[in-house]
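[1] Fold the following.
(chains A, B, C and D)
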Number of protein chains: 2
Amino acid sequence: MMHEVIAWGCMSESPRRRIPEAALGRLPIYLRILVELGHENVAQASSEQLAELAGVNAAKVRKDLSYLGTYGTRGVGYEVQFLTVQIQRELGLNQAWPVVIVGAGNLGQAMANFTGIAERGFHIVGVVDKDESKIGTQVGGVSVTHVDSLTQLVQLHKVSIGIITTPAAHAQDAADSLVRAGIGSIMNFAPTILSVPRDVHVRKVDLALELQILSYYEDCRNGNLRDVPTDGRIDPVSA
Amino acid sequence: MMHEVIAWGCMSESPRRRIPEAALGRLPIYLRILVELGHENVAQASSEQLAELAGVNAAKVRKDLSYLGTYGTRGVGYEVQFLTVQIQRELGLNQAWPVVIVGAGNLGQAMANFTGIAERGFHIVGVVDKDESKIGTQVGGVSVTHVDSLTQLVQLHKVSIGIITTPAAHAQDAADSLVRAGIGSIMNFAPTILSVPRDVHVRKVDLALELQILSYYEDCRNGNLRDVPTDGRIDPVSA
DNA sequence: TGATGTGAACCCATTCACAGCC
DNA sequence: GGCTGTGAATGGGTTCACATCA
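    So this is what the prediction gives:
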């Protein structure tokens, strides 16, 4: 048995990714929990405990962690410190990632000041904007510079991740600037589908999206059953 | 045939949900696109066009929209205005949802000022904090009040959705306050698993999570193959 | 003709259940 | 005995392909 398992590494556009997307999305959650447990000087944790804290079930925790390697101890559990490092390594967090923010508005400031970002290995090396009135102001420990300085900033600090916090109308411009500067991945807060070269990763965070889903559930809870569609279709109560 | 299809409405904890979670999560995306198309006076759109704009494939668009009802026209496509209203209705967005924000920090301010929220039918009726120095300041058109006024605020405006933008350490307190005030759904920005009664919906937005996933992909792209696990397991290059 | 709507097939993710090891 | 690691079973979501209808 060995099928076509080529290597342990991941490849950016590999047809066969090692860690399933769904599991990958949960690794940061486990990581956060492990770091917290570490702060509380907890040395060991079982999949049951981790599952409880993560709000998932134990089998999923074990399956997810098994993609990383055999890091648990049967009959005991996982060593918190060790597993923390393994997940960090897997996520590429064993290095400080320099990040630039495009858009010095409220959200840009919030991201720049967000301690959770710095705590988890990301370092804001620049905030740029094209609004002259914002340039020179201090945001999250750096001063805002003009968007034209982006390329210079990116090359100087070897930045490969950019965050777009501009209004939707300027998001594509921001993305173009980032791509021109040579960025490889973009976290986009603007409610816009960005058009970028195929080799640039974009992850979109839609701040209103979750609210809209909540409103669906709230509407349901309040007993406001959805209206019947307005065309000819009728609720088939009986055959 | 009629199984137990009771009605077209959804129920908060119904064992048989009408719209699959995955499709529900895409409705806000289609909605945003449709609204934009509407602004550009586009009258009709095919599943192909919508798919292109949403970054998914056409079959998925059709399947997703089919959960709402039969709103397309074969051989033609979907009527933008009509479909917009249908999705809004389905998401419960045919009403203005009052919302409160707990935490008047950077992120709270960003959310309160975020025009995308107001544009999509949400109305910030209050921002509360427990830091005396913030109370009275203006944020997004309302003045910050003390967290003790939460219950009053919620009852006065019949609020059922709350947003937590406090530091992680205070998030559980914030959630408790919201629950005590009678809120039904919570959007949580703090990187914390909240403990709430079973009938309260919580959706978590982890701002650092997406960054951590990006760093994984960046690490891969840069050719930094994942290290081999440090235990005895070796890459099985050949049988 | 051309695009929707939808069973059926497929594929990925979750869960189960237990062998294997501490 | 207890907990991990993992094949196998299950279930949900995606995609295919085509019947259907304007």
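
[2] Quick check: buried residues in the strand ranked longest in chain A?
    In chain A, taking DSSP state E as the definition, the longest strand is strand A:122-129. For strand A:122-129, burial by neighbour count (16 or more other Cβ atoms under 10 Å in any protein chain shown) applies to A:122, A:124-129. Bear in mind the C-beta positions are built from the backbone N, C-alpha and C, glycine included.

[3] Which elements pack onto that strand?
    strand A:97-102, helix A:106-113, strand A:142-143, strand A:145-146, helix A:150-157, helix B:207-221 (3 or more Cβ pairs under 8 Å, 6 or more residues apart in numbering or on different chains; DSSP states H and E).

[4] Name every strand pairing with that strand and say which way it goes.
    strand A:97-102 (parallel), strand A:145-146 (parallel) (DSSP bridges).

[5] For chain A, which residues are neighbours of DNA strand C?
    A:20-23, A:56-57, A:59-60, A:62-63, A:73-76 (Cβ under 7 Å from any atom of the strand).

[6] Show the pLDDT at the residue in chain A that DNA strand C sits nearest to.
    In chain A, the residue that lies nearest DNA strand C is A:G75 (2.7 Å; Cβ to the nearest atom of the strand). At A:G75, the predicted lDDT confidence score is 97.

[7] what's the answer for A:N106, then?
    90.

[8] residues contacting it?
    Contacts for A:N106 were tallied using Cβ atoms under 8 Å, 6 or more residues apart in numbering or on different chains; they are B:106, B:109-110, B:113-114.

[9] Chain neighbours aside, what residue packs nearest to it?
    B:A110 (3.8 Å; Cβ to Cβ, 6 or more residues apart in numbering or on different chains).

[10] Report pLDDT for the one you found.
    The model's pLDDT for B:A110 equals 93.

[11] ok, it to DNA strand D distance?
    29 Å (Cβ to the nearest atom of the strand, to the nearest Å).

[12] I'd say that residue and A:L107 touch.
    Yes. Counting by Cβ atoms under 8 Å, B:A110 does reach A:L107; the two are 4.3 Å apart.

[13] higher neighbour count, these two?
    Using other Cβ atoms under 10 Å in any protein chain shown as the criterion, B:A110 and A:L107 rank with A:L107 on top: 27 against 23.

[14] residues contacting that one?
    By Cβ under 8 Å, 6+ apart, the contact set of A:L107 is A:165, A:189, A:207, B:110, B:114.

[15] Could you pull up the residues touching the fourth one?
    Each residue near B:A110 by Cβ under 8 Å, 6+ apart is listed here: A:105-107, A:109-110.

[16] Dump the residues you listed into TSV; add distance to A:F82 as well.
    Output for those, formatted as TSV (distance: Cβ to Cβ, whole Å):
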residue	distance to A:F82
A:G105	41
A:N106	40
A:L107	37
A:Q109	37
A:A110	34
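
[17] Is the worst-scoring helix or strand of chain A on mean pLDDT in proximity to chain B?
    For chain A, counting by mean pLDDT, DSSP states H and E, helix A:115-119 ranks last in confidence among helices and strands (a mean of 87). Yes. Shown here: helix A:115-119 in contact with chain B (Cβ under 8 Å from any Cβ of the partner chain) through A:115-117.

[18] quick revisit: among the contacts of B:A110, which one lies nearest to A:G69?
    A:A110 (36.3 Å; Cβ to Cβ).

[19] so where's chain A shaky on pLDDT?
    Along chain A, segments meeting pLDDT under 70 span A:1-17, A:223-239.

[20] which residues of it fall in helices?
    Ranges of helices within chain A are A:21-39, A:47-54, A:58-66, A:80-90, A:106-113, A:115-119, A:150-157, A:168-181, A:207-221, based on DSSP state H.

[21] any idea how far DNA strand D is from A:P191?
    Distance from A:P191 to DNA strand D, by Cβ to the nearest atom of the strand: 20 Å.

[22] Tally up the residues packed near that residue, please.
    Using other Cβ under 10 Å, A:P191 has 24 neighbouring residues.

[23] contacting residues for the closest residue to A:V76 other than its chain neighbours?
    Counting by Cβ to Cβ, 6+ apart, A:V76 lies nearest to A:Q44, which is 6.2 Å off, once chain neighbours are set aside. The contact partners of A:Q44, by Cβ under 8 Å, 6+ apart, come to A:76-80.

[24] any chance of the strands paired with strand A:122-129 in CSV, plus distance to DNA strand D?
    CSV is the format used below for the strands paired with strand A:122-129 (distance: least, Cβ to the nearest atom of the strand, whole Å):
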stretch, distance to DNA strand D
strand A:97-102, 28
strand A:145-146, 40
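
[25] With mean neighbour count added, can I get those strands in TSV?
    As requested, these are exported to TSV (neighbours: other Cβ atoms under 10 Å in any protein chain shown):
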stretch	mean neighbour count
strand A:97-102	25
strand A:145-146	16
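
[26] for those, which one sits closest to A:Y216?
    Of the strands paired with strand A:122-129, nearest to A:Y216 by Cβ to Cβ is strand A:97-102, at 31.6 Å.

[27] How far off centre is the closest one?
    14 Å (Cα atoms, centre = their mean, to the nearest Å).

[28] repeat for stretch A:159-171
    In terms of Cα atoms, centre = their mean, the gap separating the centre of stretch A:159-171 from the centre of its chain is 14 Å.

[29] And for stretch A:119-136?
    That offset, for stretch A:119-136, works out to 19 Å (Cα atoms, centre = their mean).

[30] Same check on stretch A:92-107?
    12 Å.

[31] Please put the alpha-carbon coordinates of that stretch into PDB.
    The C-alpha trace of stretch A:92-107 is given here as PDB (Å, rounded to 0.1, in the frame of the first residue of the first chain):
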ATOM      1  CA  GLY A  92       3.400  28.000   8.600                       C
ATOM      2  CA  LEU A  93       3.100  30.000  11.800                       C
ATOM      3  CA  ASN A  94       6.600  29.100  13.000                       C
ATOM      4  CA  GLN A  95       7.700  32.400  11.400                       C
ATOM      5  CA  ALA A  96       6.500  36.000  11.600                       C
ATOM      6  CA  TRP A  97       4.400  36.900   8.600                       C
ATOM      7  CA  PRO A  98       4.700  40.500   7.600                       C
ATOM      8  CA  VAL A  99       1.300  41.900   6.500                       C
ATOM      9  CA  VAL A 100       0.200  45.100   4.800                       C
ATOM     10  CA  ILE A 101      -3.200  46.700   5.100                       C
ATOM     11  CA  VAL A 102      -4.800  48.600   2.300                       C
ATOM     12  CA  GLY A 103      -7.400  51.100   3.600                       C
ATOM     13  CA  ALA A 104      -6.900  53.100   6.800                       C
ATOM     14  CA  GLY A 105     -10.600  53.400   7.600                       C
ATOM     15  CA  ASN A 106     -12.300  52.100  10.700                       C
ATOM     16  CA  LEU A 107     -11.900  48.500   9.700                       C
END
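
[32] A:S195 contacts A:V179, doesn't it?
    No. Taking contacts as Cβ under 8 Å, A:S195 lies outside contact range of A:V179: 9.7 Å.
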